[in-house]
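Undergrad: Predicted model, plus sequence, below.
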Amino acid sequence: MIDRAVRIGMIGCGTQANVHFAAIKELTEQIATVAAVCDLDDERLAAACQLWPQARSAKDYHEMLSPGDLDLVIVATMPNTHEAMSLASLEAGANVLCEKPFMMNATEAQNVLAKAETAGLRVQLGTNMRYMPSSQYLHRLIEGDSIGTPVYAKAWGCHDYPPVWAPHYHLATSGGGVLASTLVHTLDLAMWIGGSPNPLTVSAATNKLFPGKRGPKIDAKIHERYDAEDLLSAFVRFDNGAFYSLEGNWCSEAKDYHSFELTTTKGTVTGAPFTVKVDVEGEIVDQTPTLDGEDDWFKSVHTQDAALIGKLRAGEAWALQDARQLLNLQKIVDACYESARSGREVVF
Ligand SMILES: NC(=O)c1ccc[n+]([C@@H]2O[C@H](COP(=O)([O-])OP(=O)(O)OC[C@H]3O[C@@H](n4cnc5c(N)ncnc54)[C@H](O)[C@@H]3O)[C@@H](O)[C@H]2O)c1
């Protein structure tokens, strides 16, 4: 329980950190404040200090982490730094919200989750899509068993350009391309809504279409470092009998779209557009409800941050995600890359 403003440290003050900054500002200074900021980049650090003049600042995150001073650290750098920063934050007594993708591999994920458990602190991954109104509704619908058992899902993340505003395309920094950086959102969502089963087998193939596609439009410096996959297809079997098909593409000419479709024994639901269709005595009946609020990306980060901060203040658990789910997501990402490399199915 925290009966004052929640004190937050931000490591990395780039694109996504600024979405969090806006979310925290919206909560007001009585509820939460950014008490420490860190970035290697002088301009970004200066901009963060302007937003939060009372915050201490540092280029080295170790200096930013005064033991016992921060309630929450948001790790908003690229994944190659997530493990060390999360461990150091937990060591300093802070709970951690780490941006996706979680870690570079499952070993790192296990290290962080084990440390959090020993320290009695919380770790959550920034899977903000879980906070969209349609996601919350579908999770409750499937959990409530009124639309049957999940048997199959498709999850996709297809875009017309690679995300070149940050090195998501550079493996040593990002840990993976379209799967780890993009598709991981809808994969997580489809798994969570589908009852969070455990994976049994994974088979995947990947390709890199850049610079053959989009090359002339993208800075030459990026060409030198772009070594991540930008096309992926994968197939995952789960222990509840369900199987999922995954598709990721950063150079799609078809359209820019990401979503999922989940088939159950009684109907089919989709994320975007949000639909609920049910078989009623052989007829397909549209049972899509009208929900309060829209499935806006930025809004879902605001809802996520408000929920986590609210739970910290109330001394309640962050119940929306647990260590097993986090580890399973990371294991599937790792296994997709291993399968694509070896040309064989990975069996857990
Ligand atoms: N949840 C979402 O919807 C969403 C959206 C975009 C990005 N992200 C995730 O957020 C993370 C950051 O992505 P981004 O697009 O904001 O990247 P970015 O490059 O815009 O920002 C990262 C910042 O971290 C700083 N940084 C790097 N190494 C550092 C270090 N050792 N110490 C201190 N600062 C350091 C960089 O200087 C940069 O300012 C990634 O994991 C990305 O996948 C999540």
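TA: Cool, the structure landed.
Undergrad: Now do the phi/psi pair for the closest residue to the ligand within the stretch 151-300 of the chain.
TA: When scored by Cβ to the nearest ligand atom, the stretch 151-300 of the chain has residue 166 as its residue closest to the ligand, at 3.4 Å. In short, each C-beta sits where N, CA and C put it, glycine included. Per-residue torsions, residue 166: phi -150, psi 160 (degrees, to the nearest 10).
Undergrad: Just the pLDDT at it, thanks.
TA: Residue 166 is assigned a pLDDT of 92 by the prediction.
Undergrad: Pull the residues that contact the top helix by length along the chain.
TA: Ranked by residue count and defined by DSSP state H, the top helix of the chain is helix 323-342. With contacts defined as Cβ atoms under 8 Å, 6 or more residues apart in numbering, helix 323-342 is touched by 101-103, 105-106, 109-110, 113, 116-117, 123, 125, 175-176, 179-180, 184, 187-188, 191-192, 196, 198-199, 202-206, 229, 232, 234, 236, 246, 345-346, 348.
Undergrad: Make a ChimeraX selection of whichever of those turn out to be buried.
TA: Burial among those is assessed by 16 or more other Cβ atoms under 10 Å; the matching ChimeraX selection reads:
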select :101,102,103,105,106,109,110,113,116,123,125,175,176,179,180,184,187,188,191,192,196,199,202,203,204,206,229,232,234,236,246,346
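Undergrad: Tell me how many other residues crowd the residue of the stretch 151-300 of the chain closest to the ligand.
TA: Using other Cβ atoms under 10 Å, residue 166 has 16 other residues around it.
Undergrad: what residues does this protein put near the ligand?
TA: Residues of the chain that fall close to the ligand, judged by Cβ under 6 Å from any ligand atom: 11-17, 38-41, 44, 61, 76-79, 81, 99-100, 126, 128, 166, 181.
Undergrad: of the residues you listed, buried ones?
TA: Applying 16+ other Cβ under 10 Å to the residues of the chain next to the ligand, the neighbour count classes 11-14, 16-17, 38-39, 44, 61, 76-79, 81, 99-100, 126, 128, 166, 181 as buried.
Undergrad: Show only the entries of the residues you listed found in strands.
TA: Judged by DSSP state E, strands contain the following of those: 11, 38.
Undergrad: Give me the subset of the buried ones among the residues of the chain next to the ligand that lies in helices.
TA: Applying DSSP H to those, the entries found in helices are 16, 17, 44, 61.
Undergrad: residues touching the third one, list them.
TA: Applying Cβ under 8 Å, 6+ apart to residue 44 gives the contacts 13, 14.
Undergrad: Looking at residue 216 now. What's its pLDDT?
TA: pLDDT recorded at residue 216 is 95.
Undergrad: what ranges do the helices span in this structure?
TA: In the chain, the segments counted as helices under DSSP H are 15-27, 42-51, 61-64, 82-91, 106-119, 133-143, 171-174, 184-193, 220-225, 297-314, 323-342.
Undergrad: tell me the most buried of these?
TA: helix 184-193 (a mean of 25; mean count of other Cβ atoms under 10 Å).
Undergrad: could you dump that helix to PDB, C-alpha only?
TA: The C-alpha trace of helix 184-193 is given here as PDB (Å, rounded to 0.1, in the frame of the first residue of the first chain):
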ATOM      1  CA  VAL A 184       4.400 -10.500 -30.100                       C
ATOM      2  CA  HIS A 185       1.500  -8.200 -29.200                       C
ATOM      3  CA  THR A 186      -1.200 -10.100 -31.000                       C
ATOM      4  CA  LEU A 187       0.400 -13.500 -30.100                       C
ATOM      5  CA  ASP A 188       0.200 -12.500 -26.400                       C
ATOM      6  CA  LEU A 189      -3.300 -11.300 -26.800                       C
ATOM      7  CA  ALA A 190      -4.600 -14.500 -28.600                       C
ATOM      8  CA  MET A 191      -2.900 -16.700 -26.000                       C
ATOM      9  CA  TRP A 192      -4.300 -14.700 -23.000                       C
ATOM     10  CA  ILE A 193      -7.800 -14.600 -24.400                       C
END
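Undergrad: Since that was my last question, I'll sign off now.
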